[in-house]
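Trainee: Got a sequence here, can you build the structure:
(one chain, ligands or ions: 1)
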Amino acid sequence: MEIWFVILISLSISALIKAFINLLYSSKKHRYKLPPGPSTLPFIGKVLLSRKSAVELKMILRTLHRKFGPVITVKIGSTPTIFIADRSLAYQALIQNGAVFADRPPAGAVSKVLTSKQHNINSAAYGPTWRLLRRNLTAEILHPTRVKSYSHAPKWVLQILLDCLSSQSKTGDPVRVVGHFQFAMFCLLVLMCFGDKLDEKKIKEVEDVQHLMMLNLRRFNVLNFWPRVTKILFRKLWEEFLQIREQQERVLMPLIRERRRVKKERLANPAEGKEGYLLAYIDTLFDLELPEEKRKLDEKEIMSLCTEFLTAGTDTTSTALQWAMANLVKYPDIQEKLFTEIKGVVGETEREVKEDDLQKMPYLKAVILESLRRHPPAQFLLPHAVKEEIVVDGFLFPKNASINCTVGDVGWDSKIWDDPMAFKPERFLNREEGGVEVFDLTGSREIKMMPFGAGRRICPGLGLALLHLEYFVANLIWNYEWNAADGDEISLEEEHEFTIVMKNPLKARIHPRSK
Ligand code: HEM
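Mentor: Prediction:
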């Protein structure tokens, strides 16, 4: 056969294959459409939306969901953002197609500074760097055996908390708990992060600067869009952001350098032994090597990972603690039932409910689960991004689209939960055995609520958060009787700070228990 003929045939076949693939692709695009939604918002829409609180955003989305259905697209500029308010679609996306939906969108200007160019866990793209950082946190620090080695920490913090509550209750005024809860959770995580029991003044300094950044993040958010323009348009805001970041560095860098020095000294003098030396999160970061760049983390990256650890674990847990306690004050019969359960497990002379006791308290677990269902501290997940185009449930999810789920709506679905807005811990109890139903919070078999997210990006701190919530709720109820301040109705109205907090923070009268 002539050579030119073979070449011609080969070229024709490859052109045919290419045309066939194109046809398939375009027909897929044609057949499947983006989820429905309002018409494209101009760029300014993105700026305006970024200034809304999560509570306001949730209301806007509810109206859109009523009009367009449980999955909607909000197109702002060229990037579609898809919101899912349906648990079965959330399951198909986050669990069944987990790898496709596990990416994060590129960081904006503010986020780039805060995350050291996406070199922390929550912002890293789905890939080797994220895998390394996440595995380091879960295996080295959040593993149950490591958490056990910190079991003296909650006891130390409980003492600080009880002392604060006791001195405030002696004034005869109702106690405003939120600041005390935040400080308690912060002490715990600072210890796990830096290894030492820092003095309370130093912890307060770290907490104040962290809190300042978190409270202002929503204002700074506008700088994430079109930074070349917004940095000029909102110059003062950008400078304010950089100033707070510098303040953070001034407070945190000395702690990082001091711990590095201590670690080096220990390595140089192994004879001192490991006595009294607790592996801290920061110790694990000094030796990590970034897989793609083949280098160790620099100081700013270490600081980003430490601030992520402190931020992700403190406001979320203290907010959840406040919601749980608010419901126990609002519903005295539930509080009494919980106290009776604790009394059946703990000796009357004991002041502390120990971590080991918690396993024998199914009602306590049910109270915590119900509180997380009814009041998830985060109304949304962190934004996910689609790694490659995919069709789910007949809808097209284009590559790079941003995805989020309305966490609250999933846990309040009346098709799954009877009387969903009521606070009923009993719904988690297995009546026949009197134990708590083994409830799968990870959603791996079915999503019924998702306060910690689901799938590959699920919160890695889930186990630690549950342990701390159970420990502190049990001990607060064991040591004090909690009542609403005279004439005070406990209001469950929400407000958006970094998390969804109580609009009217809990104030309660507390009386030491006579057991
Ligand atoms: C009640 C307490 C907590 C709640 C409700 C909570 C909730 C969440 C949620 C909703 C996400 C986003 C998941 C997603 O994007 O799909 C998340 C991510 C994360 N959380 Fe938590 N969290 C809590 C406590 C903690 C604690 C104690 C830590 C660590 C000590 C922690 C560390 C993280 C990290 C590092 C991520 C990012 C995960 C990733 O992108 O791979 N959280 N959390």
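
Trainee: Can you give me the pLDDT of Leu114?
Mentor: On the pLDDT scale, Leu114 is placed at 92.

Trainee: I'd say it and Ser304 touch.
Mentor: Yes. Leu114 lies in contact with Ser304 (Cβ atoms under 8 Å); the separation is 6.6 Å. C-beta here means a position set from N, CA and C on the backbone, and glycine is covered the same way.

Trainee: dump the residue contacts of Glu370.
Mentor: Residues in contact with Glu370 (Cβ atoms under 8 Å, 6 or more residues apart in numbering) are 327, 423-425, 427-428.

Trainee: from those, which are also near the ligand?
Mentor: Among the contacts of Glu370, no residue lies close to the ligand (Cβ under 6 Å from any ligand atom).

Trainee: Neighbour-wise, which one of those residues leads?
Mentor: When neighbours are counted by other Cβ atoms under 10 Å, Pro425 leads the contacts of Glu370 with 26 neighbours.

Trainee: For whichever residue of the stretch 101-250 of the chain sits closest to the ligand, which non-adjacent residue is closest in space?
Mentor: Taking Cβ to the nearest ligand atom as the measure, the point where the stretch 101-250 of the chain comes nearest the ligand is Asn122, at 3.6 Å. For Asn122, ignoring the flanking residues on the chain, the nearest one in space by Cβ to Cβ, 6 or more residues apart in numbering is Leu382 at 5.6 Å.

Trainee: Any chance of a markdown table for the contacts of Glu370, columns secondary structure and pLDDT?
Mentor: Output for those, formatted as a markdown table (DSSP: H, G, I helix; E, B strand; the rest coil; pLDDT from 0 to 100):
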| residue | secondary structure | pLDDT |
| --- | --- | --- |
| Asn327 | helix | 98 |
| Phe423 | coil | 98 |
| Lys424 | coil | 97 |
| Pro425 | helix | 97 |
| Arg427 | helix | 94 |
| Phe428 | helix | 93 |
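
Trainee: Tell me the one of those residues nearest the ligand?
Mentor: For the contacts of Glu370, the nearest to the ligand is Asn327 (14.9 Å; Cβ to the nearest ligand atom).

Trainee: what about the closest one, distance to Phe452?
Mentor: When Cβ to Cβ, to the nearest Å is the yardstick, Asn327 and Phe452 sit 19 Å from each other.

Trainee: Contact partners for the residue of the chain found nearest the ligand?
Mentor: Going by Cβ to the nearest ligand atom, the ligand is nearest to Gly461 of the chain, at 2.2 Å. Gly461 is in contact with 142, 312-313, 316, 452, counting by Cβ under 8 Å, 6+ apart.

Trainee: farthest pair in the residues you listed?
Mentor: Farthest pair in these (Cβ to Cβ) is Leu142 and Thr316. Separation: 14.2 Å.

Trainee: How about the residues of this protein by the ligand?
Mentor: So far as Cβ under 6 Å from any ligand atom goes, the chain lies against the ligand at 121-122, 134, 308-309, 312-313, 316-317, 320, 377-378, 381-382, 451-453, 457, 459-461, 464-465.

Trainee: Separate out the buried members of those.
Mentor: Neighbour counting with 16 or more other Cβ atoms under 10 Å marks 121-122, 134, 308-309, 312-313, 316-317, 320, 377-378, 381, 451-453, 457, 459-461, 464-465 as buried within the residues of the chain next to the ligand.

Trainee: how about low-confidence regions in the chain?
Mentor: 1-8, 10-30, 40-54, 77, 271-276, 431-437, 515 (pLDDT under 70).
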